[in-house]
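**Q** After the sequence you'll find the predicted model.
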Amino acid sequence: MDKKKNGFASGLGFVLAAAGSAVGLGNLWGFPYKTQEYGGAAFVLVYIACVLLIGAVTMVCEIFIGRRAQANPVTAFKNINPKFGWFGVLAILIPGFIACYYSVLGGYTVRFAANSFNGNAGTMDEFAANGWLVTLFTAIFIAGAIFVVMAGVKGGIEKASKVLMPALFILLLGTAIFSLCLGEGVAEGLEFYLKPDFKKLGGTEILAAMGQAFYSLSLGMGAMIVYGSYTGKKISLVKSTGMICLFDTMVALLAGFAVFPALYHYKAVEGAAFDPSEMKGSTLMFKTLPMVFESLGIVGKIVSFLFFAMVVIAALTSVISLLEVVCQFVIQKFRFSRKKAVALLALICFAISIPVGISAGGADVKLFGMDLLTFFDTVTNTVLMPVCAFFSCIAVGWMMGPKKAVGEMERDGQKLGFFRPIFMFMVKYVTPLLILAIEILGVYELVFPEGKFSGNGLGITLSAYGLLAVGALVYFLFFKKSDTGTNADEK
Ligand code: PHE
C-alpha cells in the first residue's frame, strides 16, 4: 500500500479520511434537527439500527468495490460488469452536485465561526440575503478544500484528516461537556433526547432515519468507493467499516449531547418557546444555536467560535471527499494532472455555487418551487442517493453474488468471522430491499406530499431520473468501450 504514490499510507489514515468524509453537516446539524423533528429518542434508536443493519453492509460493499478495482467508480463497476459501468457515472455525478450546495453551507459555517465574537444572533437573514458575502465565504471554503485535494491523497487528504479529525472530536467533546454543565433545563433536554416514546414513531420517521444514516455515512455517493480504492488489501474491511460507522455515530450522538441540553437550558432560562417544526433546515444551526450562545455572554462567544470552527472542520473534510471523487475520475479518464483537475473542478463547483447561494438567500431564483440549494439537496439525497447505494449492493449481492464476493475477500486474507453469514444474507436480500423502500417512499412523499399530488414534486423526480438517464447515455456513448483508467494512471 505504501509503495503506491496515490494511496493512503496507513490503515488509520484511511479510516480517519473516510470518517472525515462521513462526519459532516449531516452529523452536527442534520442529526440533531431531525431528532428534534422526528420524535427524539425513538428516532435515535431507529437511526442506530439503520447504521448497523443497512449502513455497515452497504459500506463494506462500497469499500470492497473500490478496493478490488484500485480505480475510479466507473472502472470499478465496469470490472464487475461492463454493461453496468454507468452505475459509476452516477456515483460521480451525485457528489459533483452535492459539492455545489455543500460548499455554500460550508461558506455559512466559516462566516459564523469568523463572526462569533460579534455575536451571531440575527446574522443569518442578513448574511444569507447578501449574495456577495455568501459568494465570498463560499470561495474561502472551497479554497480550503482545493489546498488539501491538490496535495494528493497521502500528502493532502490523509495528512489533513489525521490532524482535523482528532481536533474535531476534542472540540465536540468540550462543547458537549460544557452544554451538560449548564444546569437548569439540562435534564429536560436529556429526557427528550434519551427517553424513547415509540408512539411518535411512524413510517415517515423510520424513512427519515434510514435516509439520514445513508447520508451521514457518505454512502451512495461514490466517496467510499473512491477512498476504498486507495487502500491496500491488508487492512480489514470489517474492522475499518466498524470504526468508520462507530466514529460517525459517536459524533452524531455527541452532537445531540451538545445541542439538546443547551437548547432546553435556553428554553428554561429565557422562557423561549420552541416550535419543533421551526427547527427545520437552517434554523437550528444558524438561528437557534446562535441565540443560545448569545444568551451566555462572553463564554457563549468563545463556545460559539469553537463550535463553528468544529463545524467548519467537519464540512471541510466532507467536501474534500466530494471533490476527490470527481477529481479522481477526471485524472484517470482524461489524464489530467491533479493540479489541473482540482483547479478546473473547483472552478466549476464555485461557478455553480454562486446562483445556489443567492437562491438560498431568498432571491427569486427557483426550480420547481424550491430554492436551488433545496432543489440540489432533494435531487441528490432523496432521489439519487438511494439508487446509487442500491446499485452498490446489487453489484455485490447479485452481479457477483455473495459467495463469490465473500470468497474473493477471504482470498485476500480478510477474516470476516461472524459477519460472514450476516453479510451474505443482508447484501442479497434485506439491504437492497430496504434501500428500495427508501427510494420508493421518498419519491412518493415528494410527488404526493400529504397525499396530494404535487406537480413540482414530479418535476424534481423527473429531473433526477433525467440526470440518471443522461449519465447512462454518456457512459454508453463515451466510456463503455474506452479505457476509463485506474489509480496507476495518476502521474
Ligand atoms: N456524510 C456527510 C455528512 O454527514 C455528507 C457527505 C455525503 C459527504 C457524501 C461526502 C459524501 O454531512
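**A** Arrived safely. Numbers count the residues shown, from 1 in each chain.
**Q** Next secondary structure after the longest helix belonging to the chain?
**A** For the chain, the longest helix by residue count, based on DSSP state H, is helix 297-334. Sequence order places helix 338-360 as the next helix or strand after helix 297-334, per DSSP states H and E.
**Q** now the angle between helix 297-334 and that next one, please.
**A** Helix 338-360 and helix 297-334 are oriented at 130 degrees to each other (axes from the mean of the first three to the mean of the last three C-alpha atoms, to 10 degrees).
**Q** Would you mind confirming that F169 is in contact with M310?
**A** No - judged on C-beta atoms under 8 Å, F169 makes no contact with M310 at a distance of 9.0 Å. Where you see a C-beta, it was placed from the backbone N, CA and C, and this is true even at glycine.
**Q** quick one: which of these two has more around it?
**A** Neighbour count, other C-beta atoms under 10 Å: between F169 and M310, M310 has more, with 25 against 18.
**Q** which stretches of the chain aren't confidently modelled?
**A** Applying pLDDT under 70 to the chain flags the ranges 1-5, 274-281.
**Q** Could you pull out the strands in it for me?
**A** With DSSP state E as the definition, the chain shows strands at residue ranges 366-367, 370-371.
**Q** Out of the ones you listed, which gets nearest to G242?
**A** Evaluated with C-beta to C-beta, those place strand 370-371 nearest to G242, the distance being 37.3 Å.
**Q** what's the spacing between the residue in the stretch 351-491 of the chain positioned nearest to the ligand and S392?
**A** Closest contact between the stretch 351-491 of the chain and the ligand, by C-beta to the nearest ligand atom, is at M385 (8.1 Å). Per C-beta to C-beta, to the nearest Å, M385 is found 11 Å from S392.
**Q** rewinding a little: among the strands of the chain, which comes closest to G144?
**A** Closest approach to G144 among the strands of the chain (C-beta to C-beta): strand 370-371, 24.6 Å.
**Q** partners of the closest one, with directions?
**A** Here strand 370-371 has these sheet partners by DSSP bridges: strand 366-367 (antiparallel).
**Q** The strand it pairs with: how far from the chain's middle?
**A** How far strand 366-367 lies from its chain's middle: 23 Å, per C-alpha atoms, centre = their mean, to the nearest Å.
**Q** where do the contact lists of M385 and S392 overlap?
**A** Between them, M385 and S392 share these contacting residues under C-beta atoms under 8 Å, 6 or more residues apart in numbering: 219-220.
**Q** And those two? Which one has more around it.
**A** Using other C-beta under 10 Å, the more surrounded residue of M385 and S392 is S392, with 33 against 26.
**Q** residues contacting that one?
**A** By C-beta under 8 Å, 6+ apart, the contact list for S392 reads 58, 61-62, 65, 87, 91, 219-220, 225.
**Q** cool, and D125?
**A** Contacts for D125 (C-beta under 8 Å, 6+ apart) come out as none.
**Q** if I look at it, how far off is S282?
**A** Taking C-beta to C-beta, one finds D125 at 10 Å from S282.
**Q** repeat for M250
**A** 25 Å.
**Q** swap in A49?
**A** Distance, A49 to S282, by C-beta to C-beta: 28 Å.
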